[in-house]
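In: fold the following.
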Amino acid sequence: MTQDQRGNWIKVRNEDLLKTHPHLAEFIPFLDVLNSESPRGAVLVAASFIETRLLKIIQAFLIEGKPKEQILNGFNAPIGSLSAKIALAAALGLISERERRECDLLRRIRNKFAHNVHPSFNDSDIKSLSLELSFRAMPYENVEVDAKGSFSSASVALILSLTNRPTYVSRVRLKAVDWPT
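Out: Residues are numbered from 1 along each chain as shown. Model prediction:
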């Protein structure tokens, strides 16, 4: 959807949107998957997509080569978990403190859904975590935003915030240095 000159919303085909916004090529299919999932599936898919965004941001910053891949990918990679990616991205200044906090809250919600047999956005701890999300849609007028809406809006807003970050980060990529001995 986009707005015309009078501010009216008009539907835009994905193909047309991608011509002017090619950086959204991965995001648009993600939305389709997110919207078709169960609550547990939506949480796992959103967290996975956030983890992929963080990985791409970190990869865009680190020196090219095998050592980078060894610490980021594969079995027992030191930066293989979502929490490690969040911590590293924050420690390197690649995400803001607000983004770090949001990532961590979304990770904690993901863990609640992944490690409980019958999780629900109505569970008090999940509801509480969802209402702490700062990127979430806020209630307005007579519109209420429940825990699921808070999670969905926050995860989508965070992903959009991180979507172009690898491009910006790659401009300040680390370079190997021959240190004096």
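In: can you map out the strands along this structure?
Out: Secondary structure of the chain by DSSP state E: the strands cover 2-3, 9-10.
In: next, name the residue at the spatial heart of this protein.
Out: Centroid-nearest residue in the chain, with Cα atoms, centre = their mean: residue 50, separated by 2.8 Å.
In: ok, that one touching residue 160?
Out: No - using Cβ atoms under 8 Å, residue 50 makes no contact with residue 160, being 11.2 Å away. For every residue, glycine as well, the C-beta is placed using N, CA and C.
In: which of the residues in stretch 94-111 are buried?
Out: Under the neighbour-count criterion of 16 or more other Cβ atoms under 10 Å, stretch 94-111 has 94-95, 99-107, 109-111 buried.
In: sorry, that was for stretch 143-156
Out: In stretch 143-156, counting by 16+ other Cβ under 10 Å, buried: 145, 147-156.
In: next up, the contacts around residue 35.
Out: Residues counted as contacts of residue 35 (Cβ atoms under 8 Å, 6 or more residues apart in numbering) are residue 42.
In: quick one: the helices in this structure?
Out: Per DSSP state H, the chain carries helices over the ranges 14-20, 27-36, 39-61, 66-72, 82-91, 97-114, 124-132, 147-163, 165-170.
In: what's in contact with the shortest one?
Out: The contact list for helix 165-170 (Cβ under 8 Å, 6+ apart) reads 23, 53, 56-57, 59-61, 94-95.
In: again, only using 6 Å
Out: Helix 165-170 is contacted from outside by 56-57, 60-61, 94, using Cβ atoms under 6 Å, 6 or more residues apart in numbering.
In: then the fifth one?
Out: The list of residues contacting helix 82-91 from outside it, by Cβ under 6 Å, 6+ apart, reads 51, 54, 57-58, 79, 95, 100, 103-104, 107.
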